[in-house]
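S.K.: Sequence and predicted structure are below.
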Amino acid sequence: MIDRWPIIFAFLLAACSATPITNQSPQTALSPEETVRQFYDWYLHARFPNPDQESKARFEKYVTQRFFKEAMNEWDVVVFIAAQDADPTWANDFRVAEAVSKGDQARTQIALNGKKVHATLRIFLKRQNGAWKIDNVKRGTWKAAAGSDLFGANEGETVQHGVEGGLGRLGAARGLLV
């Protein structure tokens, strides 16, 4: 009887060498800007979903576990927009600035240009296991858009930060919380 093992071994060796491992491209990690762009594209179009166990996998693709836990425990502020109120039209017009990175940390800014509110957010990222993840969000500017009446503010008027000096501490803006 013919010994089939040498034939099987030769077949397996030929199959393995047909696709050399060196020609396979490794999965490249997203840049800090692309991480922020993809997260906010999903988050804004999904209409600001709450961080919970059902959405944990989606959030943790883009945010650190520490920041996800902070978001789950925060009831006064939506930490991903550093505010209580949101403009749903932000999903149609937002821009992410070029990031500045140093080691495993990066920061960038996102401009949210809605019909009622023009806002900027400062986004802080950490590289974990080779992937950039959002680790904190702080509010930059918050302005009434042209033709809107944001909390009694005039067109183009800057409304004071509702989140002062960090997340979770509320401030008043023109007598109302934002």
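M.R.: It's in.

S.K.: now the strands for this structure?
M.R.: 94-96, 100-102, 105-113, 117-128, 131-144, 172-173, 176-177 (DSSP state E).

S.K.: list the buried ones in stretch 98-111?
M.R.: Neighbour-count burial for stretch 98-111, with 16 or more other CB atoms under 10 Å as criterion, is recorded at Ala99, Ser101, Ala106, Arg107, Thr108, Gln109, Ile110, Ala111. Bear in mind the C-beta positions are built from the backbone N, C-alpha and C, glycine included.

S.K.: just to revisit the earlier point, can you tell which of the strands of the chain is closest to Glu70?
M.R.: strand 131-144 (8.5 Å; CB to CB).

S.K.: What helices and strands are in contact with that closest one?
M.R.: helix 32-45, helix 65-73, strand 117-128 (3 or more CB pairs under 8 Å, 6 or more residues apart in numbering; DSSP states H and E).

S.K.: give me that answer again for 10 Å
M.R.: helix 32-45, helix 56-62, helix 65-73, strand 105-113, strand 117-128 (3 or more CB pairs under 10 Å, 6 or more residues apart in numbering; DSSP states H and E).

S.K.: could you give me the average pLDDT of the third one?
M.R.: What that stands for is helix 65-73. For helix 65-73, mean pLDDT is 94.

S.K.: The longest one too?
M.R.: If you average the pLDDT over helix 32-45, you get 98.
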